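A.B. asks: Task: produce atomic coordinates for the following.
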Amino acid sequence: MIPKIAGWKKNRVSELTEIFNRDGSFGVIDVAGVPASNMISMRTDLRDRMTITMAKKSLIRLAWSDAGKPAEELEKLLEGADQPCVVHSDGMNAFEIFNELSKTRQGRAAKEGEKFPEDVTIPAGPTEFGPGPIVGEFNAVGIPAKIDKGKVAIQRETTFNKGDEISADLGIMLAKLGINPIEIGLILTGVVEDGYVFEASELDLDVEGLTSDIILGVSSTFNLACNISWFSPITLPTLISKASGESLSVAIEAGIINEKTASLLLSRVNNRALALAGQLDSSALDEEIVASLGAASESTSAQTSVEAESKQESEEDSEEEEAEEEESGGFGGLGDLFG
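C.D. replies: Numbers count the residues shown, from 1 in each chain. Prediction:
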């Protein structure tokens, strides 16, 4: 007798096949241990960026095969998922999907029989707990503790290894220390994009650090290209500007007169002429030069006056402070009373 296949299973396979035939990126997430209320909230928040479809592994495999995709691609993604969901996005790449799903991760207290997903280390040192039976409770679960300066202190650093089973008492004591080792959320196992399989570990990038490194690399490359005069559409404007500035400086030093250097050269000549005139007797100068020298002299005198006033005020302040110190220095403490 041929077993009858439930209608909902056929519908789910058809739905998944249609998803797998779309363009974009496909991923698998593990939602084991996520409460239903949390799951609904997470799916709602992500609805406009990706679709999330829950199904058994067998149905996902059937739909993947019906879509004509290589089985080995999917198997890599299903290996790490106890309760899988299929994720699809046609507007986000693998790294963006990982980044969005990472925001749903949160820790919770461990329950009896669960295993540590990663190594958990409890540092040595004081805790917030006062003396009491809790010292024995810590020691009973393998966390050495004692009373130190009126507080319960962990005697030495203690590590629980990945894969170790968690007892009920250990889970309670870890929670008291603020350690929630069980991670829940939409945990991505990997993404298939354009025929390439990205595992979750490959997608976990320091985006801010990477951006900073790229900016630094581009800046350093640009500076190097300009220093060695490497011509390109990017460096050309800077190189032309640099060459223009340097050629202007050379032209001025060489006394070459043109429409760009004339005003600068005239200003330099005028300043030198006034400096020379200042060394001559006023009777040898015409009124215009005398007036120019007078204006320059007044400007210099005003500046000198301001500096002098500032110096005088500073000296007066210093004298006042010394006087105050002398007035307050008449009594040197008990030593003065007794000679």
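A.B. asks: Need phi/psi at the residue nearest the centre of the chain.
C.D. replies: Closest residue to the average C-alpha location of the chain: residue 208 at 4.3 Å, with C-alpha atoms, centre = their mean. Backbone torsions for residue 208, taken as degrees, to the nearest 10, come to phi -70, psi -40.
A.B. asks: got it, and residue 60?
C.D. replies: Dihedral pair for residue 60: phi -60, psi -40, per degrees, to the nearest 10.
A.B. asks: I figured it hits residue 17, correct?
C.D. replies: No: using C-beta atoms under 8 Å, residue 60 is not in contact with residue 17, being 10.2 Å away. C-beta here means a position set from N, CA and C on the backbone, and glycine is covered the same way.
A.B. asks: Which one of the two is surrounded by more residues?
C.D. replies: Taking neighbours as other C-beta atoms under 10 Å, residue 60 and residue 17 compare with residue 60 leading, 24 against 17.
A.B. asks: Contacts only, for that one.
C.D. replies: Listed by C-beta atoms under 8 Å, 6 or more residues apart in numbering, the contact partners of residue 60 are 16, 28, 74, 78, 84, 86.
A.B. asks: Strands - which of those land there?
C.D. replies: 28, 84, 86 (DSSP state E).
A.B. asks: just these now: which is nearest residue 263?
C.D. replies: Comparing those against residue 263 with C-beta to C-beta places residue 28 closest, at 72.2 Å.
A.B. asks: Quick check: beta-bridge partners of the closest one?
C.D. replies: Beta bridges link residue 28 to residue 86, residue 190 when assigned by DSSP bridges.
A.B. asks: where does the residue lying closest to residue 123 once chain neighbours are set aside fall, phi/psi-wise?
C.D. replies: Spatial nearest neighbour of residue 123, chain neighbours left out: residue 157 (5.6 Å); criterion: C-beta to C-beta, 6 or more residues apart in numbering. Note on residue 157: its backbone torsions stand at phi -60, psi 130 [degrees, to the nearest 10].
A.B. asks: so who does residue 157 touch?
C.D. replies: Residue 157 is in contact with 121-124, counting by C-beta under 8 Å, 6+ apart.
A.B. asks: Greatest separation within the residues you listed: which pair is it?
C.D. replies: Largest separation among the contacts of residue 157 by C-beta to C-beta: 121 and 124, giving 10.1 Å.
A.B. asks: Using PDB, list the CA coordinates for stretch 28-40.
C.D. replies: The C-alpha trace of stretch 28-40 is given here as PDB (Å, rounded to 0.1, in the frame of the first residue of the first chain):
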ATOM      1  CA  VAL A  28      19.100  28.600   6.100                       C
ATOM      2  CA  ILE A  29      18.600  29.700   9.700                       C
ATOM      3  CA  ASP A  30      18.200  27.700  12.800                       C
ATOM      4  CA  VAL A  31      15.300  28.800  15.100                       C
ATOM      5  CA  ALA A  32      15.600  26.100  17.700                       C
ATOM      6  CA  GLY A  33      14.700  27.400  21.100                       C
ATOM      7  CA  VAL A  34      13.200  30.700  19.900                       C
ATOM      8  CA  PRO A  35       9.800  31.300  21.600                       C
ATOM      9  CA  ALA A  36       6.900  31.700  19.300                       C
ATOM     10  CA  SER A  37       6.300  35.300  20.300                       C
ATOM     11  CA  ASN A  38       9.900  36.200  19.600                       C
ATOM     12  CA  MET A  39       9.800  34.500  16.300                       C
ATOM     13  CA  ILE A  40       6.700  36.400  15.200                       C
END
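A.B. asks: and it, what's its mean pLDDT?
C.D. replies: Computed over stretch 28-40, the mean pLDDT rounds to 84.
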